[in-house]
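> no sequence on this one, just coordinates:
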């Protein structure tokens, strides 16, 4: 299936014209974003925690402490909700009421499973290389104790929708004639020049895969 079924949970209710349910749109936003926020209920109370993530097929991979509340929540088979957003522009209108932002967002729902053995190592590699392509092959691999202390889960993307605003300011009527400026202030996430750690020897250069990531964003 190329589209997620529209359900009571993933249906976009306000500004329905901004809703998208096709995997191509949804997965593109997930893949571009660097962070997600995972929501779950712990001891009867809502909790939302930010994570770096990586998509693998129809699953979302995240990792954290093996003893964390979220890892235990997912391991027990409970559902989670994940929110992802990318800010594209500040929308500056002539009226306070019409100030807005252009954005691309995704909300998804699903249950997860704990990764073990070689699949766990592959999951960590996938998350690492999603943030910085080529980094997994460059760094020292996790020790057995480090792997034991780390939990990696794969959340099945069972329901999802995207919501996108890509439009100019929405002033109406006589407000459009006000002698004020209106327009868009585009926002872009960039990778800046590397800052070498003080314990790195001066003769060790920035690795090519890191330099490539910087150059690509310029």
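Everything's here; your move. Computed from a predicted model, the values in this text were never measured in an experiment.

> quick one: the strands in this protein?
Assigned by DSSP state E, the strands in the chain fall at 19-20, 35-42, 45-52, 54-56, 59-65, 79-92, 100-114, 150-156, 159-165, 183-186.

> Could you export these as CSV, including mean pLDDT and mean neighbour count?
Backbone N, C-alpha and C define where each C-beta goes, glycine included. Below are those laid out as CSV (pLDDT from 0 to 100; neighbours: other CB atoms under 10 Å):
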stretch, mean pLDDT, mean neighbour count
strand 19-20, 93, 18
strand 35-42, 94, 16
strand 45-52, 94, 12
strand 54-56, 96, 18
strand 59-65, 94, 20
strand 79-92, 97, 18
strand 100-114, 96, 19
strand 150-156, 95, 22
strand 159-165, 96, 22
strand 183-186, 97, 12
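
> Distance to residue 28 added to those, as TSV?
Shown next, in TSV, are the strands of the chain (distance: least, CB to CB, whole Å):
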stretch	distance to residue 28
strand 19-20	10
strand 35-42	14
strand 45-52	18
strand 54-56	10
strand 59-65	14
strand 79-92	10
strand 100-114	8
strand 150-156	18
strand 159-165	9
strand 183-186	19
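
> and of those, who's closest to residue 198?
With respect to residue 198, and counting by CB to CB, the nearest of the strands of the chain is strand 45-52 at 24.2 Å.

> list the buried ones in the longest helix seen in the chain?
Ranked by residue count under DSSP state H, the longest helix found in the chain is helix 117-131. Neighbour counts over helix 117-131 (16 or more other CB atoms under 10 Å) mark 120-121, 123-128, 130 as buried.

> Show me what it is packed against.
strand 45-52, strand 54-56, strand 59-65, helix 135-138, strand 150-156 (3 or more CB pairs under 8 Å, 6 or more residues apart in numbering; DSSP states H and E).

> partners of the third one in the sheet?
So that's strand 59-65. strand 54-56 (antiparallel), strand 150-156 (antiparallel) (DSSP bridges).

> Next, format those strands as TSV and append distance to residue 115.
What follows is those, written out as TSV (distance: least, CB to CB, whole Å):
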stretch	distance to residue 115
strand 54-56	10
strand 150-156	4
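
> Which of those sits closest to residue 141?
Of all the strands paired with strand 59-65, strand 150-156 comes closest under CB to CB, at 12.1 Å.

> Need the residues that contact that closest one.
56, 58-68, 71, 74-75, 80, 82, 108, 110-115, 120, 123-124, 127, 142 (CB atoms under 8 Å, 6 or more residues apart in numbering).
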